[in-house]
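Visitor: model this:
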Amino acid sequence: MATIYDIAKKTGFSITTVSKVLNNYSDVSEKTRKLILAAVEELDYYPSSSARTLTTKKSWTIGVVFIDTHGMEHPFFNAVIESFRKKAEKSGYDLLFASNQIGNDPKTYIDHFQYRGVDGVVIFCSVDGDPEIEKLIKSKIPTVLIDLESRESSVVYSDNEYGSHLAVEYLHSLGHEKIAHISGHKDLYVAVQRLNGFLNAMRKYNLDVPDDYIVDGGFFHYEGGQKAMRQLLKLKELPTAVYVAGDLMALGAISEIKKNGLNVPEDISVIGFDDIKMVEYTTPALTTLRQDTALMGKTAANLLIDQINNKTKQCMSVKIPVHIIERESCRSIK
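Guide: Sure, this is the predicted structure:
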């Protein structure tokens, strides 16, 4: 089995330089990096995890936390974590998904990650004020948050308010004035941001928002969209369009509209938020706001790995743009 000494001997570079390339340090020229990596491939070199940990003083493990009612079941989170995983693994890191229990002993997230010796933690969290997450953010462990704001951690999130503005602007351009909103649960950061964006945009275009035109769809589930739409369909004056804060809820809303003998978009237009993969194959295909999940995951990984390499906790905030994907679920009524 080849060793780091064999790589150094073959390339003529020092063991220190070879080690820097193997551990993805930036202070090595691209030419040197290519020569060393070519030797690594030729000699079929693969470092043991224990040797690499001793050499670099890192565990090469990143912790992952999901704090949400749907967690990894939601297609949006799946897509972001897949992008994060690809970037992290390319940089040499394994992912460790958190557990509140090790063996038979209940553990906090900090306990778990300190026990495992992770180098950093990515946190998927839509709920503000979770005490365990607050402790983790305030710890010395490098962290990056997805879908939540914080002044004590690096964060990556979509431009939720502007996305809502785009949704209202688009529906208004089609002639809609009676626009309802199925929001997410008030405890969820993204739900509040999207609701605020909706209300601000409606004011901008001088459109009335009756109290019963805003319905809480819960935690972004299909069933929540069904229930909220059922409530809207009981109104004497139906909206001509509904902006739904999440695609799964939007699909639930469409199913409920159809159950009541109405059609989308002929009777009610529907626009969602997320652009999860399945919505382009539904009938009708859903018009929605696309979140760039690939960019979110890659950006989060870069922010976290930079903190790990620099051995400093950073508090950077990156807002990812969103844009409308036009499909078949909205129509003009001009």
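Visitor: domains of the protein?
Guide: Following automatic domain parsing, one finds the domains of the chain at 4-56, 61-158+293-320, 160-291.
Visitor: and the last one, how far apart are its ends?
Guide: Taking Cα to Cα, to the nearest Å, the span from the opening residue of domain 160-291 to its closing residue is 9 Å.
Visitor: Can I take it that Ile123 is in a strand?
Guide: Yes: membership of Ile123 in a strand is supported by DSSP: H, G, I helix; E, B strand; the rest coil.
Visitor: pLDDT value on it, please?
Guide: For Ile123, the model assigns a pLDDT of 91.
Visitor: if we can go back for a sec, which among the domains of the chain is found nearest to Cys330?
Guide: The closest of those to Cys330 is domain 160-291. By Cβ to Cβ, the value is 4.0 Å. For glycine as for every other residue, the C-beta is placed from the backbone atoms N, C-alpha and C.
Visitor: coming back round to it: pick the most buried one from the domains of the chain.
Guide: domain 160-291 (a mean of 20; mean count of other Cβ atoms under 10 Å).
Visitor: Next, the nearest residue to Ser150 once chain neighbours are set aside: phi, psi?
Guide: Closest residue to Ser150 apart from its sequence neighbours, by Cβ to Cβ, 6 or more residues apart in numbering: Ile137 at 6.0 Å. Per-residue torsions, Ile137: phi -60, psi -40 (degrees, to the nearest 10).
Visitor: show me the contacts for Ile137.
Guide: Ile123, Thr143, Leu145, Ser150, Glu152, Ser153 (Cβ atoms under 8 Å, 6 or more residues apart in numbering).
Visitor: now the lengthiest helix in the chain, how far from the chain's geometric center?
Guide: Secondary structure of the chain per DSSP state H: the longest helix is helix 293-310. Distance of helix 293-310 from the chain centroid (Cα atoms, centre = their mean, to the nearest Å) equals 12 Å.
Visitor: quick one: contacts of that helix?
Guide: Under Cβ under 8 Å, 6+ apart, the answer for helix 293-310 is 24-26, 58, 62, 76, 79-88, 91, 93, 119-122, 142-144, 146, 154, 156-158, 313-314, 316, 318, 320.
Visitor: go again using 7 Å as the cut-off
Guide: For helix 293-310, contacts defined as Cβ atoms under 7 Å, 6 or more residues apart in numbering pick out 62, 76, 79-84, 87-88, 91, 119-120, 122, 142, 144, 146, 154, 156, 313-314, 316, 318, 320.
Visitor: Just the CA atoms of it, as PDB, please.
Guide: The C-alpha coordinates for helix 293-310 follow below in PDB (Å, rounded to 0.1, in the frame of the first residue of the first chain):
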ATOM      1  CA  THR A 293     -30.900  24.300  -4.000                       C
ATOM      2  CA  ALA A 294     -27.600  23.400  -5.700                       C
ATOM      3  CA  LEU A 295     -26.200  26.900  -5.000                       C
ATOM      4  CA  MET A 296     -27.500  26.900  -1.400                       C
ATOM      5  CA  GLY A 297     -25.900  23.600  -0.600                       C
ATOM      6  CA  LYS A 298     -22.600  24.400  -2.300                       C
ATOM      7  CA  THR A 299     -22.500  27.900  -0.700                       C
ATOM      8  CA  ALA A 300     -23.200  26.500   2.800                       C
ATOM      9  CA  ALA A 301     -20.400  23.900   2.400                       C
ATOM     10  CA  ASN A 302     -17.900  26.500   1.300                       C
ATOM     11  CA  LEU A 303     -18.700  28.800   4.200                       C
ATOM     12  CA  LEU A 304     -18.400  26.000   6.700                       C
ATOM     13  CA  ILE A 305     -15.200  24.500   5.200                       C
ATOM     14  CA  ASP A 306     -13.600  28.000   5.200                       C
ATOM     15  CA  GLN A 307     -14.300  28.300   8.900                       C
ATOM     16  CA  ILE A 308     -12.800  24.900   9.600                       C
ATOM     17  CA  ASN A 309      -9.600  25.600   7.500                       C
ATOM     18  CA  ASN A 310      -9.200  29.100   9.000                       C
END
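Visitor: need the next SSE after it, C-terminal direction.
Guide: The element immediately downstream of helix 293-310 (helix or strand, assigned by DSSP states H and E) is strand 317-320.
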